[in-house]
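**Student:** have a look at this fold, sequence not included:
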DNA sequence: AGCCCTAAGTTTTTT
DNA sequence: ACTTAGGGCT
């Protein structure tokens, strides 16, 4: 293996194969190259077997790319047995083999977020809880957070025993887990959680993988959760050849469970850690790096690191103050046209980045007007479309009839006369007999309280599913799908639908899905339905057309790991970037995460960086004057060039946001102090009981755990309407919310 | 059972 | 401003 083309730090990272290694890889420092070379070095020079290597990434894209590059580098050795996968695929693989040892069915299905919502709603119903107070989405994120931290329902309950709301959520969590198990289903977080559980419960399994994976590498280590951290730690225990690669400055997923401490404290967790810093950047000009370095240096919680480049100087960072978002979009479109002509650039050289997806609309309009082709990333995912989800639900039930959630989704789609009342009766019976819905359906004739007409419909449905289950055994997946669409009447229903255009789109999408299946049959080694469903569950996008010469539009989050010659960072305004919630949360760590996001945005640019902001912006139907982002203030003056008279028209003054900050901070402090003084618990545990909280009446100042301070406007039944100072008017149910009287 | 209207909520996203 | 979900009405 020739290592001469690597710089000294990269080379060190490659050659230090034994023991724990932490590679702090700055943006654009050739991290993927180091990882792939390292794997090649292990195999070619150290005689390590492919099967002894485990390389983990976060996205399928990164995994595929790494595999391809490794295979390009090592042509004469067999790399098939090497695991280069995402955390989730890795776990599925382990679980499919051994989850039965912790009492689960090995042919589990994987629930996505909308299945989770459905399931949580069912749980709420069963526990007689209101989905207004316990919004499914928020419950799910709490449960998800618990799983990320490896807290079982019991542990979570114990931890929050004094917190009425979270205690209730613990109950939901417990029931939710129970239902998942009964449906033979796991959610995404379970994939990690249950693998850790399996390792803990079954030493034999752990031992098997532990001795197999002698060399472990983890990419994007700054994005790992506690659960993922634990998983890796368990696996690496024996050989200690654990190499993690990451950049604490690019940790932008704290809100979905990533724990930045994992990378910051790696040196404490393992003995004799060898640290390598990759600081030479091969991507951007020095000017861009100076700006990035300066901005990120405002963060306290970080490992010191400074990017440098051999590409001295370069273009200054251009700042454009637009009047509003339309003007901003116009500027972007004009600049792209101009630069394309002037520098003979391709459209694909440009990227427009923004903090929130809502910002894309005006940019799209402007690009359309200027006839600039673009690709927009994000938005509704292919697999999340209704028709695709319906079809997948059919496939899931065919694969796993215990899946009640999927069964309920399709039992009357297309309509076949099995109404809500009938389903309710079936559900009652199922929970009485502790059986799945499907087994009640099979045995429907013994159910005399259901009309004979409904019974006929049900037995027709059972026949249909039975036939499809037989077909599954003989036909390939694509054929099975055609049969499903055909025999279920799904396509017929769409074809006779009056709203033509929409139905046509749906039929198109279903056809597209069939070609996904065909592609799967060609590429996958295992071609069964179970593997297909897993693949689909673990993939977000069907395919992407990156080939085209188009401008890229995406959020800064999505842009991580990518690079473009010319980048537009848009909406550089307080309350948008940093986003208002990071400002009002009063947590420095939230602002620091926004700043890291800014760092990620800046470092996407190779040659030219434009930053834009507006004087006023219309967002969510309201127009507000803008204040320049604090991150603009943090840019070094010598790196920037203002394209228009920004200074005079808009205050870049630090004072602006400092005042804003101080105001909110002081305010919150007062709230906290006074709320300690007098606390009224307005919560009861049981819906059937009537609450009595005479202390709270219209006019009372109260503090709500989620919405902050407000004044009670109206009380009706158990509903309390409160005008919150920061959130506006909201009605909450006093039975489930702890209100502090101020 | 379907349709229409109102209300509420809008950061980021992978798997 | 806009979408989307849920409730209520026909």
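**Tutor:** Sure thing, it's come through. Only a predicted model underlies this, so the values are computations on that prediction, with no experimental measurement involved. Numbers count the residues shown, from 1 in each chain, chains lettered A, B, ... in the order given.

**Student:** show me the shaky parts of the stretch 551-700 of chain A.
**Tutor:** A:645-698 (pLDDT under 70).

**Student:** could you say which helix or strand holds residue A:318?
**Tutor:** strand A:317-322 (DSSP states H and E).

**Student:** what are the pairing partners of that strand, and which direction each?
**Tutor:** strand A:605-614 (parallel), strand A:640-642 (parallel) (DSSP bridges).

**Student:** tell me which parts of chain A are close to DNA strand C?
**Tutor:** A:618, A:620, A:621 (Cβ under 7 Å from any atom of the strand). In short, each C-beta sits where N, CA and C put it, glycine included.

**Student:** next, the buried residues of the strand holding residue A:318.
**Tutor:** Using 16 or more other Cβ atoms under 10 Å as the test for burial, strand A:317-322 gives A:317, A:318, A:319, A:320, A:321, A:322.

**Student:** what does it rub up against?
**Tutor:** Strand A:317-322 has contacts (Cβ atoms under 8 Å, 6 or more residues apart in numbering) with A:287-288, A:291, A:328, A:330-331, A:608-615, A:632, A:635, A:639-646, A:649-650.

**Student:** now that strand: mean pLDDT?
**Tutor:** On average, the pLDDT along strand A:317-322 is 94.

**Student:** show residues contacting the next helix or strand after that strand.
**Tutor:** Remark: after strand A:317-322, the chain's next helix or strand is helix A:325-343, criterion DSSP H and E. Taking contacts as Cβ under 8 Å, 6+ apart, the residues outside helix A:325-343 that touch it are A:320, A:322, A:345-347, A:350, A:352, A:359, A:362-363, A:365-367, A:369-370, A:372, A:551, A:566, A:568, A:570-571, A:608, A:610, A:612-614, A:617-618.

**Student:** show the pLDDT at the spatially most central residue of chain A.
**Tutor:** In chain A, the residue lying closest to the centroid (Cα atoms, centre = their mean) is residue A:256, at 6.4 Å. Looking at residue A:256, its pLDDT is 86.

**Student:** let me see the contact set for it.
**Tutor:** Residue A:256 touches residue A:144, counting by Cβ under 8 Å, 6+ apart.

**Student:** quick check: next helix or strand after the helix or strand of chain A with the lowest mean pLDDT?
**Tutor:** The least trusted helix or strand in chain A, going by mean pLDDT, DSSP states H and E, turns out to be helix A:654-677, with a mean of 41. Per DSSP H and E, the first helix or strand lying C-terminal to helix A:654-677 is strand A:701-704.

**Student:** could you check how far that next one is from the centre of its chain?
**Tutor:** 32 Å (Cα atoms, centre = their mean, to the nearest Å).

**Student:** give the contact list for residue A:447.
**Tutor:** Counted by Cβ under 8 Å, 6+ apart, residue A:447 has contacts A:425, A:426, A:429, A:440, A:455.

**Student:** how many neighbouring residues does the last one have?
**Tutor:** By other Cβ atoms under 10 Å, the residues close to residue A:455 number 18.

**Student:** same check, this time on the first one
**Tutor:** Residue A:425 is surrounded by 16 other residues when neighbours are defined as other Cβ under 10 Å.

**Student:** tell me the mean pLDDT over the host helix or strand of it?
**Tutor:** Here residue A:425, judged by DSSP H and E, is contained in helix A:420-433. Mean per-residue pLDDT for helix A:420-433: 84.

**Student:** hmm, who's touching the next helix or strand after it?
**Tutor:** Moving toward the C-terminus from helix A:420-433, the next helix or strand (DSSP H and E) is helix A:437-442. Helix A:437-442 is touched from outside by A:397, A:401-402, A:404, A:407-408, A:426-427, A:429-430, A:433, A:447, A:458, A:461-462, A:465, with contacts defined as Cβ under 8 Å, 6+ apart.

**Student:** just the mean pLDDT for helix A:437-442, thanks.
**Tutor:** 91.

**Student:** tell me how far the strand or helix carrying residue A:14 is from the chain's mean position?
**Tutor:** Residue A:14 is part of helix A:8-15 when elements are defined by DSSP H and E. Helix A:8-15 sits 32 Å away from the centroid of its parent chain (Cα atoms, centre = their mean).

**Student:** buried stuff in that helix?
**Tutor:** So for helix A:8-15, counting by 16+ other Cβ under 10 Å, buried means A:9, A:10, A:11, A:12, A:13, A:14, A:15.

**Student:** after it comes which helix or strand?
**Tutor:** Next element after helix A:8-15 (DSSP H and E): strand A:21-25.

**Student:** just checking: what are the partner strands of that next one?
**Tutor:** Counting by DSSP bridges, strand A:21-25 is paired with strand A:242-246 (parallel), strand A:274-278 (parallel).

**Student:** mind showing which ranges of the stretch 101-250 of chain A have poor pLDDT?
**Tutor:** If you take pLDDT under 70 as the line, the stretch 101-250 of chain A has no such spans.

**Student:** who are the neighbours in contact with residue A:592?
**Tutor:** A:299, A:300, A:301 are the contacts of residue A:592 under Cβ under 8 Å, 6+ apart.
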